[in-house]
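A.B. asks: Please work out how this folds:
(chains A and B)
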There are 2 protein chains.
Amino acid sequence: MATPVLPRSVQRLIDEFARLPGIGPKSASRLTFYLLRATDNQALDLSVALQELKERTRLCSVCFNITEDDPCPICEDEARDAHLVCVVEEPLDVLAIERSRAYGGRYHVLHGAISPVEGIGPEDLRVTELVQRVAQGQFTEIILATNPTLEGESTALYLQRRLAEYGVRMTRLARGLPVGGDLEYTDEITLGRALEGRQEV
Amino acid sequence: MATPVLPRSVQRLIDEFARLPGIGPKSASRLTFYLLRATDNQALDLSVALQELKERTRLCSVCFNITEDDPCPICEDEARDAHLVCVVEEPLDVLAIERSRAYGGRYHVLHGAISPVEGIGPEDLRVTELVQRVAQGQFTEIILATNPTLEGESTALYLQRRLAEYGVRMTRLARGLPVGGDLEYTDEITLGRALEGRQEV
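C.D. replies: Numbers count the residues shown, from 1 in each chain, chains lettered A, B, ... in the order given. Take a look at the predicted model:
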């Protein structure tokens, strides 16, 4: 009964899947055995996609979003408002804002938020690059769209101070009730913010 | 705002992840952006592991378990009881039984179960190969370890009839309360089986 049960290549893929966030050892086995049964192409397609991810993508040298071309299509798009910049923590945030179809300006991706607990300071983020862009004087408004979390708020506050000297209007995204949400189930902090930010009808 | 937001290689990996069972579009994005941030090696390691999975593995020509060597290490292991065969639906079932450390015989993997609803008949499974193995007369007991589901029970019943002529003892795994389970929360069918199968103490 000491027979090695799993072929090495199978165990190896299970281990690699299990290293991914949110995938435990059981899911990793299931994915691996699923791919063993699937047509040859699916495992290979995924393999090639992974390889090309790193080969083809880089950070845009202007906004630091993930891109295949430098500068990225958003920075290159003349139809977008070049006077508006939206500062976000992660590339996924750009995606979320684009999906809202409510914004037509440029972006700046910080690649994180200030977090003393995790030892992340402004020097670990793309802050210097943001200051340089602001200093060029092209922006009339800076939207500090970091997350409504402790780290996000600290980062916004830090940027607000750091960028104050340029005299550009700075804004934060509105806090309030999520659309489709239920007042009864809203946490007290969100409700407090929604009351503070109440608007004339 | 019609700017293509995601680089093609990023979108492609998201799509590939989303094809996997249990991974929705949101998890697929998260995995992809995680790999974008991770060191180069992790995406590449996963890519190579996927490629090697299909290149190196095959089905054992004796028991049809997944293996790198043919026959597989379990079929080749002289220390295991060659008179005992355990018939299971999937390679993952071999893994589960091996983990129990309660079995020291050989296996036969059917690669599925009979399911009229899904149009899976005995001819789609490794049944002919099992009959051939049994016909060779080496087994003294056949454990029909298909799942305790409708499909698994039908498959066991079918095999029981199909193999009857060889006069070999056939058994099913015991049904009853799961160890560590709670009588109060056990479904009535399992409880019924546990009562039927009650044993002298």
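
A.B. asks: from here on, contacts and neighbour counts on C-alpha atoms
C.D. replies: Noted.

A.B. asks: what's the burial count for the closest residue to chain B within chain A?
C.D. replies: Here chain A gets closest to chain B at one residue, A:S47, 4.2 Å apart by Cα to the nearest Cα. A:S47 has 23 neighbouring residues, counting by other Cα atoms under 10 Å in any protein chain shown.

A.B. asks: again with the one 10 residues further on
C.D. replies: As a burial measure, A:T57 scores 18 neighbours (other Cα under 10 Å).

A.B. asks: check contacts around it.
C.D. replies: A:T57 sits next to A:I66, A:T67, A:E68, A:D69, B:P7, B:S9, B:V10 when contact means Cα atoms under 8 Å, 6 or more residues apart in numbering or on different chains.

A.B. asks: Relative to A:T67, how far out is it?
C.D. replies: Counting by Cα to Cα, to the nearest Å, the separation of A:T57 from A:T67 is 5 Å.

A.B. asks: joint contacts of those two?
C.D. replies: Shared contacts of A:T57 and A:T67, counting by Cα under 8 Å, 6+ apart, come down to B:P7.

A.B. asks: How much space separates A:S61 from A:E188?
C.D. replies: 41 Å.

A.B. asks: Looking at these two, which is more packed in?
C.D. replies: For A:S61 and A:E188, the more surrounded residue by other Cα under 10 Å is A:S61, and the numbers stand at 15 against 11.

A.B. asks: How about the longest strand anywhere in chain A and chain B, any contact?
C.D. replies: Determined from DSSP state E, the single longest strand within chain A is strand A:81-88. No: judged by Cα under 8 Å from any Cα of the partner chain, strand A:81-88 and chain B are separated, with a smallest distance of 10.3 Å.

A.B. asks: what distance separates that strand from the centre of its chain?
C.D. replies: 16 Å (Cα atoms, centre = their mean, to the nearest Å).

A.B. asks: Following element in sequence after that strand, please.
C.D. replies: helix A:91-100 (DSSP states H and E).

A.B. asks: Rounded mean pLDDT for that next one, please.
C.D. replies: When pLDDT is averaged over helix A:91-100, the result is 88.

A.B. asks: Give the buried residues for it.
C.D. replies: For helix A:91-100, burial by neighbour count (16 or more other Cα atoms under 10 Å in any protein chain shown) applies to A:P91, A:L92, A:D93, A:V94, A:E98.

A.B. asks: Tell me who's in contact with the residue nearest the centre of chain A.
C.D. replies: With distances taken as Cα atoms, centre = their mean, chain A has A:E90 as the residue nearest its mean C-alpha position (2.4 Å). Contact analysis of A:E90 by Cα under 8 Å, 6+ apart lists A:V109, A:L110, A:H111, A:G112.

A.B. asks: show me the contacts for the second one.
C.D. replies: Pointing back at A:L110 there. A:F64, A:V87, A:V88, A:E89, A:E90, A:L125, A:R126, A:V127.

A.B. asks: Pull the most distant pair out of the residues you listed.
C.D. replies: Pairwise distances across the contacts of A:L110 (Cα to Cα) peak at 13.1 Å, for the pair A:E90 and A:V127.

A.B. asks: what are the ranges of the helices in chain A?
C.D. replies: A:8-18, A:25-37, A:40-56, A:73-76, A:91-100, A:127-135, A:150-163, A:188-196 (DSSP state H).

A.B. asks: can you redo those as JSON lines with distance to B:R19?
C.D. replies: Shown next, in JSON lines, are the helices of chain A (distance: least, Cα to Cα, whole Å):
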{"stretch": "helix A:8-18", "distance to B:R19": "15"}
{"stretch": "helix A:25-37", "distance to B:R19": "11"}
{"stretch": "helix A:40-56", "distance to B:R19": "9"}
{"stretch": "helix A:73-76", "distance to B:R19": "27"}
{"stretch": "helix A:91-100", "distance to B:R19": "20"}
{"stretch": "helix A:127-135", "distance to B:R19": "37"}
{"stretch": "helix A:150-163", "distance to B:R19": "33"}
{"stretch": "helix A:188-196", "distance to B:R19": "36"}
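
A.B. asks: about what we covered before: which one of the contacts of A:T57 is nearest A:R172?
C.D. replies: A:I66 (23.3 Å).

A.B. asks: if we can go back for a sec, contacting residues for the residue lying closest to the residue of chain A closest to chain B once chain neighbours are set aside?
C.D. replies: Sequence neighbours aside, B:S47 is the residue nearest to A:S47 in space, at 4.2 Å (criterion: Cα to Cα, 6 or more residues apart in numbering or on different chains). With contact taken as Cα under 8 Å, 6+ apart, B:S47 is in contact with A:L46, A:S47, A:V48, A:L50, A:Q51.
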